[in-house]
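Asker: Mind folding the following:
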Amino acid sequence: MICLLLVAGHGTVLEDQIKNDLTGLYTSLEGVPKALLPGVGGKKILDFWWKAVNTRQLFSEVFLVTNADKYKHYERWATANDFPVENIINDGTTTYETRLGAVTDLDLVISSRKLNDDVMVIAGDMLCADQNFDIAQVIKFFQLKKGELAIYYEMEEMESTSSRGIVEVCSESHRITNFLEKPAPGTTDSRLASVVFYCFQRKTLNCLSEFLSLYENTEDRVLGKFMEWLINVAKVPVYGMKLPTGFQLIGQVGLSDYTKWLTFYSAKKTGNTVKAITCRSYARIGIIGNPSDGYYGKTIAMTIANFWAEATICESKHLVLIPHPLNDPTEFGSLLDLYYISRKEGYLGGLRLLQATCKKFYHFCSEKGIALSKQNFTLKYNVNIPRQVGLAGSSAIVSATLKCLMKFYNLTEDDLPKPIRANFILDVETEELYITAGLQDRVVQVYEGLVYMDFSKELMEKQGYGDYIPLDINSAPPFWLAYLRDPSDSGTIHSNVRQRWLNGDTKVVEAMRSFSELTDLAKQALESQDWTELATLMDKNFELRRSIFTEACLGPGNLKMVEIAQKHGSAVKLPGSGGAVIGLCLDPKNLVELKKAYQEAGFVFCHVVPYCPQSLSIRTLLCKP
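Answerer: Below is the predicted model:
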C-alpha cells in the first residue's frame with residue numbers, strides 16, 4: 001500500500017490572522033505552513049502523521065503533496081525528519097485562486113508517479129486528539145472488507161454537522177449508506193464525521209478522472225464532494241471505520257478555532273492517562289425455564305449480589321495478565337500439595353478466561369471497524385463465586401473483563417450493544433475455550449437485575465439474539481440458595497439430553513416446549529407478585545427437569561438438596577448446571593428449620609440478595625422469623 005499525505009491547501013485565513021495578531025504570542029509562527037504548526041504534545045502536526053505511517057511493514061512508499069508556495073518549507077522539514085525529498089510532489093500553484101483542489105492533487109500524484117497500488121490518503125494538516133490509535137488496524141479492516149474505506153469519528157458536542165462531511169453507516173455491514181458534505185441542520189441525525197483519511201483500492205482510482213470530467217469547478221474538486229459522488233451517485237461500496245479520537249482539519253479555520261482545538265485536544269490527552277478501572281459482574285440464578293436457553297426456549301434469571309467476579313485494568317508499558325493466587329497457582333508447598341490441588345480443582349483457572357477475552361476483543365474490534373488506541377495494560381481478576389455449583393462464575397469473569405476493556409478503550413453501547421455483548425461472552429467460552437454453555441447466564445449478567453429471555457428459533461435466526469425484557473426487581477420474592485460446601489465435578493449434571501433433542505426425541509422436545517410455557521406463567525406471577533403460584537411453577541420446573549434427566553445424571557448431591565427443601569415445604573429447583581439449588585419458602589418458621597437442616601447436612605445456605613444497579617436496588621429479601 002502507498003500513503004499520500006496532502007498538504008497543498010492554500011487556505012489563508014489562519015495564516016493572515018497569525019500575521020495580524022497583536023498579542024505577539026504567535027510571531028514565531030508567521031509564514032509557517034499549517035501542517036508544520038504545533039500539534040498535540042508540542043510536536044508539529046505533520047510530525048505525528050509521518051511517525052504513524054513511517055513503516056515499511058505497512059507502506060511501500062509515502063508521498064507528500066504540497067504547492068509551490070510552501071514547497072521549500074516541506075523540503076527543509078523532510079531533510080530534518082528523514083523523509084525522502086524526492087517523494088515531495090509540487091503541484092505548481094502559489095495562490096488560493098490558482099489552487100487545483102485535493103482530488104486533482106491526488107490524481108496528479110497517481111498519474112505522475114504511475115502508482116499502481118492501493119493508497120491511503122490523509123490530510124497532513126489535521127489535528128488528532130488521540131495519537132495512539134493503531135493505523136495497522138485501519139489497513140487490516142480495509143483489506144478485510146475488500147472495498148473503499150472512510151474513517152469517521154463521533155463529533156464533540158460543540159461541533160456543527162454543517163461544517164463537516166457526515167456519514168450514515170449500516171451497523172451490521174459497516175457500509176456507508178449516505179455521505180453528506182456539510183449538510184444543512186436537520187438533514188440527518190448522524191453525528192459521525194468523515195475526515196480526510198481514506199483507503200482506496202487501485203481499481204477505484206480510475207474513478208478520479210470520471211469525477212474530474214463531471215466537476216470542472218475547483219471548489220467542487222474536494223475530497224468530500226468526491227466521496228459524496230462515489231457513495232451516493234456511483235454507488236461504489238465504501239465502508240466506514242470508527243476511530244476512538246477526534247479530528248480537526250485546520251486548513252480552513254481561523255486562529256481562534258486552531259487554538260481552541262489545540263487546547264481542547266491537549267487537555268484530553270493530559271486526562272487520557274487511564275487510571276485503574278475495576279468492574280464487577282455478578283453470579284446469577286436461573287429462576288424458571290432452565291435448561292431451555294440452548295434449546296430455543298424461554299427463561300427468567302436474576303443477578304445476585306451475594307457473589308461476584310471483578311476485573312481490574314490499568315495502563316502499563318507492557319501487556320500483562322496477572323494470575324490469581326488461588327485460582328491460578330504457580331507456587332505450591334510441596335509436590336503433594338500440587339497433587340491434591342490439581343486433583344481437586346483441575347488445571348484451568350481464570351487466567352485463560354482473561355486471555356481469551358482479550359484475544360476475542362481485539363478480533364471483534366478489527367472485524368467491526370473499531371480501531372483501538374495503542375495502549376498496553378495490566379489486567380487481573382478476583383472472584384468469590386463458588387466454583388462448580390452452576391452460578392455462572394466463568395461467564396462473570398469474562399463479563400467483568402469485557403466491561404474493563406470497553407472502558408479502557410472508550411467503547412460505548414453503540415460499539416457493543418448489550419445483546420451483542422452477551423453473544424460475545426458466550427463466543428469467548430464456546431469458540432475460544434470449548435466450554436459448553438448457553439446464552440442465559442451471559443444475557444442476565446450483561447443486563448443485570450431480573451430478566452425475561454425469549455430465545456425462540458425465529459428470533460435467533462432473524463436477529464442473532466433473543467428478546468430480553470428487564471422485569472421489576474422489586475417483584476422478586478425472598479429466594480434462598482443452598483450449595484455444595486466442597487463441590488468438584490460431583491455437582492455437575494452430565495447427560496445426553498442435548499443429543500436427544502438434536503435427534504428430535506419427542507419427550508425432550510415436549511419438555512423444552514413446557515419449560516417455555518412455565519416461563520411465561522412465571523413472568524405473570526412475578527408481575528402480580530403471586531409468590532404462591534411462582535413456588536408451584538418452580539416445583540413443576542424441577543419435576544420436568546427430572547423427567548428428562550436420570551437420577552444418576554442429576555447427581556446425589558443435587559437430589560439430596562432437593563429432598564431437604566421438599567421435606568420442609570419449600571419450592572425448590574436447580575438454578576444452573578448443578579451443585580446448587582434455589583428455593584422459595586413462604587412460611588418463615590419452615591425457613592428457619594430449612595436453614596438448620598442444610599447446615600447440619602454439610603451444605604452452605606444463604607438468603608439471596610438481588611442485584612440491579614438500574615434501580616439502585618441491592619437488598620436482602622428475607623422472611624424474618
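Asker: going forward, measure contacts and count neighbours with C-alpha atoms only.
Answerer: Will do.
Asker: So Thr536 sits against Ala571, correct?
Answerer: Yes. Taking contacts as Cα atoms under 8 Å, Thr536 lies within contact range of Ala571: 6.9 Å.
Asker: more crowded one of those two?
Answerer: Neighbour tally, Thr536 and Ala571, criterion other Cα atoms under 10 Å: the higher count belongs to Ala571, 23 against 15.
Asker: which residues does that one contact?
Answerer: Counting by Cα atoms under 8 Å, 6 or more residues apart in numbering, Ala571 touches 535-536, 538-539, 565, 583-585.
Asker: same deal with Thr218?
Answerer: So Thr218 contacts 99-101 (Cα under 8 Å, 6+ apart).
Asker: From those residues, pick the one nearest Glu431.
Answerer: When the contacts of Thr218 are compared for distance to Glu431 (Cα to Cα), Gly101 wins out at 49.7 Å.
Asker: Please work out how many residues are found near that closest one.
Answerer: 19.
Asker: Now it: closest residue in space, sequence neighbours ignored.
Answerer: Arg221 (5.0 Å; Cα to Cα, 6 or more residues apart in numbering).
Asker: The one you found contacts Val103, correct?
Answerer: Yes. Assessed by Cα under 8 Å, Arg221 is found in contact with Val103 at 5.4 Å.
Asker: so what sits against both of these two?
Answerer: Leu212.
Asker: For Glu315, grab the count of nearby residues.
Answerer: 18.
Asker: Backbone dihedrals for it, please?
Answerer: The phi and psi values for Glu315, taken as degrees, to the nearest 10, are phi -70, psi 140.
Asker: go on, Val196?
Answerer: Residue torsions, per degrees, to the nearest 10, at Val196 are phi -80, psi 80.
Asker: quick one: which of the contacts of Thr218 is nearest Asn54?
Answerer: Gly101 (25.6 Å).
Asker: Pop out the phi and psi values for the residue minimising distance to the centre of the chain.
Answerer: Among the residues of the chain, the one closest to the centroid is Leu416, at 4.2 Å (Cα atoms, centre = their mean). The phi and psi values for Leu416, taken as degrees, to the nearest 10, are phi -140, psi 80.
Asker: Please parse this protein into its domains.
Answerer: Here the chain is described, according to the TED database, as comprising the domains 2-270, 278-607.
Asker: can I get those domains in TSV with mean pLDDT?
Answerer: Listed next are the domains of the chain as TSV, based on pLDDT from 0 to 100:
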stretch	mean pLDDT
domain 2-270	90
domain 278-607	92
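Asker: For Pro613, find the nearest of the ones you listed.
Answerer: Of the domains of the chain, nearest to Pro613 by Cα to Cα is domain 278-607, at 7.4 Å.
Asker: Quick one: end-to-end length of the closest one, please.
Answerer: Start-to-end span of domain 278-607 (Cα to Cα, to the nearest Å) is 26 Å.
Asker: now that domain: how far from the chain's centre is it?
Answerer: 21 Å (Cα atoms, centre = their mean, to the nearest Å).
Asker: One more: stretch 26-41?
Answerer: With Cα atoms, centre = their mean as the basis, stretch 26-41 stands 37 Å off its chain's centre.
Asker: List the buried residues of that stretch.
Answerer: By neighbour count on 16 or more other Cα atoms under 10 Å, the buried set for stretch 26-41 is 30, 33-41.
Asker: so which of these comes closest to Asn376?
Answerer: Distances from Asn376 to those, taken by Cα to Cα, are shortest for Gly41, at 19.6 Å.
Asker: do you know how far the closest one is from Thr263?
Answerer: Counting by Cα to Cα, the gap from Gly41 to Thr263 is 10 Å.
Asker: And Gly294, by the same measure?
Answerer: Gly294 sits 53 Å away from Thr263, going by Cα to Cα.
Asker: Point out the ones among the contacts of Thr218 that are inside helices.
Answerer: Among the contacts of Thr218, no member falls in helices (criterion: DSSP state H).
Asker: Need the residues you listed in a markdown table (columns: distance to Ser209).
Answerer: A markdown table is the format used below for these (distance: Cα to Cα, whole Å):
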| residue | distance to Ser209 |
| --- | --- |
| Arg99 | 18 |
| Leu100 | 14 |
| Gly101 | 13 |
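Asker: from those residues, which is closest to Gly602?
Answerer: Distances from Gly602 to the contacts of Thr218, taken by Cα to Cα, are shortest for Gly101, at 80.8 Å.
Asker: show me the contacts for Asn327.
Answerer: Going by Cα under 8 Å, 6+ apart, Asn327 touches 349-350.
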